[in-house]
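[1] Sequence plus the predicted model coming up.
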Amino acid sequence: MNRNSGEAARIEDAVLTRAAQAGEVTALGLLLERHRAGMRAVALSILGPGPDVDDVVQDAAVTALRRVGDVRDPAAVGAWLRMIVRNASRSLLRDSVAFQSIDDLHVPSTDAGPERWLEHHTMRNWIWEAVEELSPALRLPLVLRHFSTGVTSYEQIADACGIPVGTVRSRLSQGRAKLATALAATADAPHGDTAQRIRASRIEARETLAAAESGHFGALLTERWSPEITLLRGNDPVGDSSLLVRGMDGDLEAGVRQRLVHAVAGRSLVVWEMALLNPADNPDHCPPSVAWVMTLDDAGRPHRLRLQHPRPVRAIQSLTPM
């Protein structure tokens with residue numbers, strides 16, 4: 001590539017990046033196609049040939065969709081895309097599990113986490129409208145993978161969804177492909193206010209914890225959750241609201257408290273990620289964190305709940321049944 005053609009490519013990259021930052025779906029697609037070969041070359045150089053290369057490149061494309069607003073030098077977007085792939089590939093090798101979102105690599109505190117970014121990103125509503133177009137089977141793994149902070153590895157997602165790791169990989173691949181189609185289909189459609197929905201969900205989570213600590217968890221479930229609320233382990237029903245109340249009350253009596261650290265909120269799916277604070281005299285009573293993964297009914301009420309501990313732990317004695 002001569003100097004003139006290289007400068008022309010940088011100018012075109014800058015134009016496309018600014019258009020993508022303004023929410024133009026076609027511009028982002030063109031950017032990814034222009035740099036796909038370079039992104040794949042980076043993954044191959046780190047991982048070697050194999051299926052992980054395609055996974056990392058696909059993950060990087062979704063991350064680019066979410067983070068294109070962060071590009072400070074639009075003319076250098078190619079280097080930015082390759083950096084995402086490089087970080088993802090190294091993380092895969094380092095952890096021997098799935099790639100970590102670039103959000104987790106650069107965000108040290110809860111206040112600056114992905115939910116804060118979503119509240120400010122110009123394309124947030126467009127992205128979530130497309131996510132809602134996915135089937136429930138594809139939506140849950142994709143949301144956990146790209147929007148949660150603690151349930152992101154293939155193994156964790158498989159445990160949360162009650163499916164094999166190979167099925168997680170397959171559904172993520174299908175979900176990303178269908179998401180690209182859905183993004184194009186919903187680019188000009190009316191979008192809900194995702195930022196408002198996330199803020200409302202965070203308030204709801206805190207009110208739920210406050211009700212539990214004041215002894216009114218059961219009353220809140222009756223008032224705000226579906227009367228058919230079911231606790232799932234994977235895909236298997238294991239209890240109803242009475243089990244949830246007993247588990248919560250038992251933990252509170254033992255001195256365990258929960259604090260919200262992250263929330264994801266769509267029209268059909270909500271994830272609350274909680275820190276579990278154990279009493280000083282029994283620091284191992286509960287694992288350090290839990291994610292409430294909730295699917296909503298047509299009225300927007302929690303209808304199905306999975307309680308997922310992001311880290312492998314010994315037999316869980318609270319919040320989930322033996």
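    Structure received. Numbers count the residues shown, from 1 in each chain.
[2] So which residues of the stretch 151-300 of the chain form helices?
    In the stretch 151-300 of the chain, the helices defined using DSSP state H, counting those that start in this stretch lie at 154-161, 165-186, 194-213, 217-224, 241-253.
[3] Buried residues of the longest one, list them for me.
    What it means is helix 165-186. Going by neighbour count (16 or more other Cβ atoms under 10 Å), the buried part of helix 165-186 is 165, 167-169, 171-172, 174-176, 178-180, 182-183, 186. Backbone N, C-alpha and C define where each C-beta goes, glycine included.
[4] dump the residue contacts of the residue nearest to residue 249 when sequence neighbours are not counted.
    Excluding its sequence neighbours, the residue lying closest to residue 249 (Cβ to Cβ, 6 or more residues apart in numbering) is residue 217, at 7.0 Å. Applying Cβ atoms under 8 Å, 6 or more residues apart in numbering, we find residue 217 in contact with 208, 211, 244-245, 248-249.
[5] go again using 6 Å as the cut-off
    By Cβ atoms under 6 Å, 6 or more residues apart in numbering, the contact set of residue 217 is 211, 245, 248.
[6] Local confidence estimate at it?
    Note for residue 217: predicted pLDDT of 95.
[7] Check residue 110 too.
    35.
[8] What of residue 102?
    Taking residue 102 on its own, its pLDDT is 32.
[9] what's the answer for residue 302, then?
    On pLDDT, residue 302 comes in at 96.
[10] May I have the beta-bridge partners of it?
    Here residue 302 sits in beta bridges with residue 296, going by DSSP bridges.
[11] correct me, but it touches residue 223?
    No. Residue 302 lies out of contact with residue 223 (Cβ atoms under 6 Å); the separation is 11.8 Å.
[12] so how many other residues sit close to residue 48?
    Residues within reach of residue 48, counting by other Cβ atoms under 10 Å, total 9.
[13] From residue 56, how far off is it?
    12 Å (Cβ to Cβ, to the nearest Å).
[14] ok, now residue 39?
    8 Å.
[15] The two - which one has more neighbours?
    The residue with more neighbours, out of residue 39 and residue 56, is residue 56; 27 against 24, by other Cβ under 10 Å.
[16] For the more buried one, give me its contacts.
    Residue 56 is in contact with 43, 85, 88-89, 99, counting by Cβ under 6 Å, 6+ apart.
[17] still on that earlier bit, mutual contacts of residue 39 and residue 56, please.
    residue 85.
[18] Over to residue 288: give its phi and psi.
    phi -70, psi -20 (degrees, to the nearest 10).
[19] Run through the residues that contact it.
    For residue 288, the contacting residues are residue 276, by Cβ under 6 Å, 6+ apart.
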